[in-house]
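K.L.:
A predicted structure for the sequence below; I have some questions about it.
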Amino acid sequence: MIEPVKVNKQHDLHMRSRKQLELTGVQNVESFDSEEFLLRTELGHLTIRGNHLHIKNLSLENGILSLEGNVHSLIYLDPGSQGKNKGILGKLFK
């Protein structure tokens with residue numbers, strides 16, 4: 001019997017002085033504006049909230065995203081949480 005190869009998913013986040021974020025393992029930028037980013041990462045959805053947020057560098061081929069601005073919060077959405085059938089917006093606005 002052949003066992004499936006396990007792929008280690010990697011997602012790292014580095015923040016400097018709540019002003020700069022560098023992320024790896026980014027699969028897609030679902031939505032963004034100057035106050036909120038919704039990202040799909042290797043380890044689930046991530047919401048970044050703040051003000052004056054903007055993209056400094058983005059490479060989805062390499063899974064890299066750099067942001068600048070005032071970061072207020074980072075929220076990971078648990079994939080196994082209640083409301084499994086809801087869409088992303090339903091999870092955000094419980």
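P.N.:
Received, thanks. Numbers count the residues shown, from 1 in each chain.
K.L.:
who touches the strand ranked longest in the chain?
P.N.:
In the chain, assigned by DSSP state E, the strand with the most residues is strand 44-59. For strand 44-59, the external contacting residues (CB atoms under 8 Å, 6 or more residues apart in numbering) are 20-21, 23, 26, 29-30, 32-40, 64-79, 88, 91-92. The C-beta positions use only the backbone N, C-alpha and C, and glycine is treated the same way.
K.L.:
and if you look at stretch 10-28?
P.N.:
Stretch 10-28 is contacted from outside by 9, 39-43, 46, 48, 56, 58, 60, 63-71, 74, using CB under 8 Å, 6+ apart.
K.L.:
do that again at 6 Å, thanks
P.N.:
Residues outside stretch 10-28 that contact it (CB atoms under 6 Å, 6 or more residues apart in numbering) are 39-43, 63-68, 71.
K.L.:
Who wins on neighbours among those residues?
P.N.:
Greatest neighbour count in these, by other CB atoms under 10 Å, goes to Leu65: 25 neighbours.
K.L.:
what's the pLDDT at it?
P.N.:
The model reports Leu65 with a pLDDT of 97.
K.L.:
Could you name the helices and strands sitting against the helix or strand harbouring it?
P.N.:
Following DSSP states H and E, one finds Leu65 within strand 64-77. On a contact count with 3 or more CB pairs under 6 Å, 6 or more residues apart in numbering; DSSP states H and E, strand 64-77 meets strand 20-23, strand 44-59.
K.L.:
ok, the closest residue to Val29 other than its chain neighbours - contacts?
P.N.:
Of all residues not flanking Val29 in the chain, Leu39 sits nearest, at 5.7 Å (CB to CB, 6 or more residues apart in numbering). Residues counted as contacts of Leu39 (CB under 6 Å, 6+ apart) are 26, 29, 46.
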